[in-house]
Each structure stands twice: as C-alpha cells, then as structure tokens.
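Asker: Next come a sequence and a model predicted from it.
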Amino acid sequence: MAASDIRAPPHTTAPSGDHGRMRLAVEPFALRLREPLETGWGRLEERALLRVELATADGLVGIGEAAPLEPYDGVPLAAVRAALDAYACVLAAQPGLDAEDALEACRAERDLPQALAAIDLALWDLAGRRAGRSVAELISVEAARSIAVNATVGAVDRASAFGFGAAAREAEFDTVKVKVGVGDDAGRLAAVRAAAGPAMAIRIDANGAWSEEEAVAALRALGPVGLEFCEEPVHGVGALRAVRAEVDVPLAMDETAGLEVGAIGSGATDAVCLKVSRCGGISGVLRDAALARAARSTVYLASTFDGPVGLAAAVHAAAGRQARSRPTASRRSTPSRATRPGPGRFAARSASRGGPGSGWAEPQVREPTATRYSISKRA
Ligand SMILES: [Mg+2]
C-alpha cells in the first residue's frame, strides 16, 4: 500500500466480540517551558496537556496525547477533556470496532480534532505494538530513519536573538524558525543571521499578525536577510494569494489551514504546515498532506508545543511520508529536507530498536522549550 493511501491505523483492535472492547484512561499533566515564548498570539509559559491510554481487552495499551492550546487555537482543555470522556463511553460500549470504525464512532459523537487526535495517536500506537513495528514503518516500510528539525526563536530582543542564533549554530541546526510580527523584527532577524551564519536557513512565522499591506512591506524589507519562507504572514486564502503575488519570499500556510474549508488544497502558498493536533491525529495529517501535495504545495510538520507523544507522532508521520515524498515543483525554493541521522534531527526508531513493543519511538524530547525542543544531537 502506498503511504498516500493510508488514512487510518491498521490492525489495531483485538478480534471482534468482547475482546474488542477498549478502555480509555485520561490523565492531565503540564510541562513548564524552560523560558517563556513570546509570539504573535501571546506569551506561553506552561503547556497543559492530556495523556490518554487506550487499552484493549487482550492487554495491549496504546498511548495518545491531546494538546489544545486555547490562546492559539481557541480550544479549551476542558472541552477536550469532556470530549475524551464521551469517547470513553463510545469505545467501551461498542465491541469489535476496528481502528477506523473506532475513530469514526468518536468523530460521530463529537467532531473535535484536538480530542480525536489523542484517540488516533493511541490507535496508531496500538497498531504498532500489535505489528511489532514503529508507527513510521506502518506508514511506509521505507520510512526515513530520522528527520531534520528546526530550532525556534521567539519574539525576543536583539541580544537574546543573537544568543539563540549562536546556540542553534553551535548545536548544528541547519534551520531556525524566528517569530515575527511582534516588536523589532528587523533587528531580531539581523541578529539571528549574524550569529547563525550565512548557511543557516531562516524561516519566519508571523502567526497572521500582519494586514496584507503590512505583510508586503515587511517581507520586502526583511527579505534581504535571506529567508527560506514566511509562515502565515496573513490569515486567509485570499489574503495569502494577494501577498504572494507581491513578494519574492516564499509563503507557507499555517493557521489558515484550519480556518477555511479547502485551504489546504488551494495551492495558495508554496508550503503548508500541518499539525497533528489540528489535523485530528496522524490519519488527518496523511489525509491533509495528500491534499496539499495534489495542489503542488510542499508539506512540513510543526506542533503547538505538544508533549512527547505529540512530537513523536509528528516525527513518525514525517518519517513515514518522507520515504515516498518527492520534491514538489515550485516557482520558488522549497523547504529543505534531510534524511540522514545527525545534528538537529529526531530519530524515528523502530519497535525493535526503540523499546519493548512500542509503536512510538519516543524521540529525545523531555519538554517543550522556547528555543529548542530539547533535541539530542544524535538520537
Ligand atoms: Mg505557525
């Protein structure tokens, strides 16, 4: 099966009958960022998350995670908790559901992507444990062994930006993402470039903070520093198209992907940023990646500062997709990709290498941080 044909975790549940009943347990937890992150949508100091365990009657347990971020996506944690409690009843009451049916039964009860993602991730993990393979390998037997990741620089002052840029270079990242649309964007970017060197790819993220006119002016002014692309300079397909027509900097879509029906497959931007939480899990990421690529947009993954399971899911989805991905023709440059293990990369280990029967290869992530996802140099 081609990776692009996969839409749901395969072979998750036990045989039909009572053995197919699933029990869902939900546990809240929080991770404090090492340093607060300043962005166009606000300041983030701590991540409140929900970890789920989905148990089958024959003893397998899949791990999932819900990562709504209300200041960013408008979805309260309490709403996700309520949805998960409702899903628990759905999953306990219907024996014999296969993975896709289980997910659809939950969706029919309440269509909340941030909650469905937790169920979807647990189902993928269960599928991996049952098959003795990593989730990435379930998506593609030719899954990449590791994927490149970027360091992130918040909307900080020049001196701090210089420090973060230097640290990223020292840690051998080849890409940094810099938050813009707040404060001294030009000074911050100049500092990052000076510290990180000419070879560092710099992508910026405005989180839709600009108007069309502001975006055009800002990108014309900031472009000479050398930008890989700008993520979400404005919100909306029409506005993105309008800005794209006026600037040379390639554009990526992020929040707009969740704001407008059809945005992902619109081809309005050179690249589309997909997130496990917003897409409703890995199944949604695979679905949306196919839509974006059909419109000749490059796809990359990010997170809303998810916890370890959410980040692991993004890594596995990217590794599974990367194996069969082909560079998308673009009138402009496309985001860089790398496949070999090395600095600034997560490894997507298989079950046999990554732990006892785990579908997830927990990447080397302990907590989300303001500037780096606590990435080991070589996992
Ligand atoms: Mg973004």
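Answerer: Structure's in. What do you need? Remember, predicted model here, so these are calculated numbers, not experimental data.
Asker: The closest residue to the ion within the stretch 201-350 of the chain: neighbour count?
Answerer: Of all residues in the stretch 201-350 of the chain, the one sitting closest to the ion is D254 (3.7 Å; CB to the ion). The C-beta positions use only the backbone N, C-alpha and C, and glycine is treated the same way. When counting by other CB atoms under 10 Å, one arrives at 22 neighbours for D254.
Asker: do A105 as well
Answerer: The burial count for A105: 16, using other CB under 10 Å.
Asker: Output the contacting helices and strands for the strand or helix carrying it.
Answerer: For A105, the element it lies in under DSSP states H and E is helix 99-109. Secondary-structure packing of helix 99-109 (3 or more CB pairs under 8 Å, 6 or more residues apart in numbering; DSSP states H and E): helix 77-93, helix 113-131.
Asker: Out of those helices, the one nearest the ion is which?
Answerer: Between the ion and the helices and strands packed on helix 99-109, the shortest gap by CB to the ion is with helix 113-131, which sits at 16.1 Å.
Asker: right, and the helix or strand after the closest one?
Answerer: Following helix 113-131 in sequence order, the next helix or strand is helix 135-139 (DSSP H and E).
Asker: for the ion, what are the nearby residues on the stretch 101-250 of the chain?
Answerer: Contacts of the stretch 101-250 of the chain with the ion, taken as CB under 5 Å from the ion, map to 205, 231.
Asker: Try it again at 8 Å.
Answerer: For the stretch 101-250 of the chain, the contact set with the ion under CB under 8 Å from the ion comprises 205, 207, 231-232.
Asker: Inside strands: which ones of these?
Answerer: When these are checked against strands (DSSP state E), the matches are 205, 231.
Asker: rewinding a little: let me see the contact set for the residue of the stretch 201-350 of the chain closest to the ion.
Answerer: Contacts for D254 were tallied using CB atoms under 8 Å, 6 or more residues apart in numbering; they are 205, 207, 231-232, 273, 275, 302.
Asker: okay, and the helix or strand of the protein with the least pLDDT?
Answerer: helix 351-354 (a mean of 34; mean pLDDT, DSSP states H and E).
Asker: so where's the longest strand in this protein?
Answerer: Counting residues, the longest strand in the chain under DSSP E turns out to be strand 22-39.
Asker: Thanks a lot, see you next time.
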